[in-house]
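[1] Fold the following and give me the result.
(one chain, ligands or ions: 1)
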Amino acid sequence: MMRVKCVICDAINILDDELPLSKKLRNRPIHTYMCSPCYDRISFKTEERLSTGRFKFYRDSPKSAEDYL
Ligand SMILES: [Zn+2]
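    Coordinates of the predicted model:
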């Protein structure tokens, strides 16, 4: 088992050594860990930002958007 600290909310979690995430974290600085609520929140925000960006992208420059696809 290993103790990890969420970089966003400082929550301490215990991870099973056999989890792929634990193996990944062991080879990287511990500050890369994010607990699942924070991870979900971040990925949701990222998706939201991406779709907003895409929306603007299509509206402002439809020709460039076609090139991009
Ligand atoms: Zn967290």
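
[2] Could you list the low-pLDDT ranges of this structure?
    Low-confidence segments of the chain, defined by pLDDT under 70: 29-31, 52-69.

[3] Please list the residues of it that sit near the ion.
    6, 8, 9, 11, 35, 38 (CB under 5 Å from the ion). Quick note: C-beta positions are derived from backbone N, CA and C, even for glycine.

[4] Now, of these, which are buried?
    6, 35 (16 or more other CB atoms under 10 Å).

[5] List just the nearest of the residues of the chain next to the ion to residue 18.
    Residue 18 has its nearest neighbour among the residues of the chain next to the ion in residue 35, at 18.7 Å by CB to CB.

[6] right, and the closest one touches residue 8 too?
    Yes - counting by CB atoms under 8 Å, residue 35 touches residue 8, with 7.4 Å between them.

[7] can you give me the strands for this structure?
    Taking DSSP state E, the strands of the chain run over residues 2-5, 12-15.

[8] how about residue 18, what does it touch?
    Applying CB atoms under 8 Å, 6 or more residues apart in numbering to residue 18 gives no contacts.

[9] Against the ion, how distant is residue 27?
    21 Å (CB to the ion, to the nearest Å).

[10] Among the residues of the chain next to the ion, which are located in helices?
    residue 38 (DSSP state H).

[11] so what's residue 3 up against?
    Taking CB under 8 Å, 6+ apart as the definition, contacts of residue 3 comprise 12, 13, 14, 15.
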